[in-house]
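> no sequence for this one, just the structure:
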């Protein structure tokens, strides 16, 4: 049994971006974008106290939405740890919160039967041995004060690997480690050459992880970035395209489909941004999830809790609406993947064995064509959500298309506007 079997079956997960950046509420990259010195960023550490943090509520919401796994930012690029690391003082247990927030998350999501993942940034803008000046993204990359500062990068790598060891040792079984992110070509190549995986000693890191937790799976970003994917999965178990559903899914160098997961935001930011109200609706989420599965992929959908530890009303409403659709139609998502049939013009197909799920997005005019399936399908088709019979027929006006069979929906409107799912058995 492959490590990724459960992952491919479950298909839908919750991404949670949360940390100190929830207080300024301008997104998780605020320190880099606004070039905030560590001294000025300290005020967020000194006042971090998410009084309404209740991961049990998060877990119940994820379960209600039909999500089967979750990934929380244990440490983002700013270096702040939501866990009680023994390797740094820059952690949640030293803030006014005085809590190991990762432990509470792990316990809450496990209690709901949801698999547990941890996001971990391999870059760190707080650690003194992580190069600042000339780096591609460090907040102080243009600050002349840092120009001649020397760094012991080996010391940083030891620290980074040590924190991963802590996360995999101290919190029981972890199902996913979601790394972010390797990158190449900073200007300061005299001190630190970003040579993809070699820079981060990825082979050593993966070996250590497998020794501690043999069944854990990881994304592909120890070998590259979302904009430069290593599609042959040199390090990692699945591809991780970001804010895009690739037109052909994710393929390796031989053109073969590999395990992959699209990470998608509900608005324009990963971390909480108080002024960002540009949320996609539940219909878009549902259709995007179907799109991923129809191309052999998963979807990891992000929420960004606020500084109090709350998932907002907009995000909650969207996830609850998605959950209503999943409760009726989840069979067409879980355990399903790419169909043998080409993508139809009216929607998408997902398939599990000989069971074909027709996801109808566009009602169109007249009967809905199933191309080249005449004589190849069981006529006992059902609408998935209520098991009602759907007529498969060949109306008189379809005589010019002898190879096709047709779905007849009498109403001029689809029963489910997001996706009306018809379950069809192939002979």
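Ah, there it is. Predicted model, so just to flag it, every value in this text is computed and none were measured.
> could you measure the nearest residue to residue 51 once chain neighbours are set aside against residue 52, distance?
Leaving aside its sequence neighbours, residue 51 sits nearest to residue 308 (CB to CB, 6 or more residues apart in numbering; 5.8 Å). Every C-beta, even on glycine, is put in place using the N, C-alpha and C of the backbone. To residue 52, residue 308 is 4 Å away according to CB to CB, to the nearest Å.
> and what of residue 181?
Distance check for residue 181 against residue 52: by CB to CB, it reads 30 Å.
> For this protein, which helix or strand comes out least confident on mean pLDDT?
Ranking every helix and strand in the chain by mean pLDDT, DSSP states H and E puts helix 197-200 at the bottom, with a mean of 74.
> what's in contact with that one?
The contact list for helix 197-200 (CB atoms under 8 Å, 6 or more residues apart in numbering) reads 122, 157, 160, 182, 192-193, 203, 222-223, 234-235.
> again, only this time at 6 Å
Outside helix 197-200, the residues within contact range by CB atoms under 6 Å, 6 or more residues apart in numbering are 122, 222-223, 235.
> As a markdown table, those with secondary structure and pLDDT would be great.
Converted to a markdown table, those look like this (DSSP: H, G, I helix; E, B strand; the rest coil; pLDDT from 0 to 100):
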| residue | secondary structure | pLDDT |
| --- | --- | --- |
| 122 | coil | 94 |
| 222 | coil | 87 |
| 223 | coil | 76 |
| 235 | coil | 84 |
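> where does the stretch 201-350 of the chain dip in pLDDT?
Per-residue confidence of the stretch 201-350 of the chain (counting by pLDDT under 70) places the weak regions at 224-232.
> mind listing the strands for it?
Shown for the stretch 201-350 of the chain, the strands assigned by DSSP state E, counting those that start in this stretch span residues 217-218, 260-265, 297-303, 347-352.
> Of all these, which one is nearest residue 167?
Of all these, it is strand 217-218 that lies closest to residue 167, at 12.3 Å by CB to CB.
> wait, what's in contact with the residue nearest to residue 51?
By CB under 6 Å, 6+ apart, the residues touching residue 308 are 50-52.
> Just the buried ones among those, please.
Among the contacts of residue 308, those classed as buried by 16 or more other CB atoms under 10 Å are residue 50.
> Kindly indicate which of the contacts of residue 308 lies nearest residue 273.
Proximity of those to residue 273 (CB to CB) peaks at residue 50, which lies at 16.7 Å.
> Show the pLDDT at that closest one.
Here the pLDDT value assigned to residue 50 is 98.
> Which of the helices or strands spans it?
When elements are assigned from DSSP states H and E, residue 50 belongs to no helix and no strand.
> Quick check: the gap between it and residue 74.
15 Å.
> same check, this time on residue 95
Counting by CB to CB - residue 95 and residue 74 are separated by 15 Å.
> separation between the most centrally placed residue in the chain and residue 140?
With distances taken as CA atoms, centre = their mean, the chain has residue 300 as the residue nearest its mean C-alpha position (2.5 Å). When distances are taken as CB to CB, residue 300 and residue 140 turn out to be 31 Å apart.
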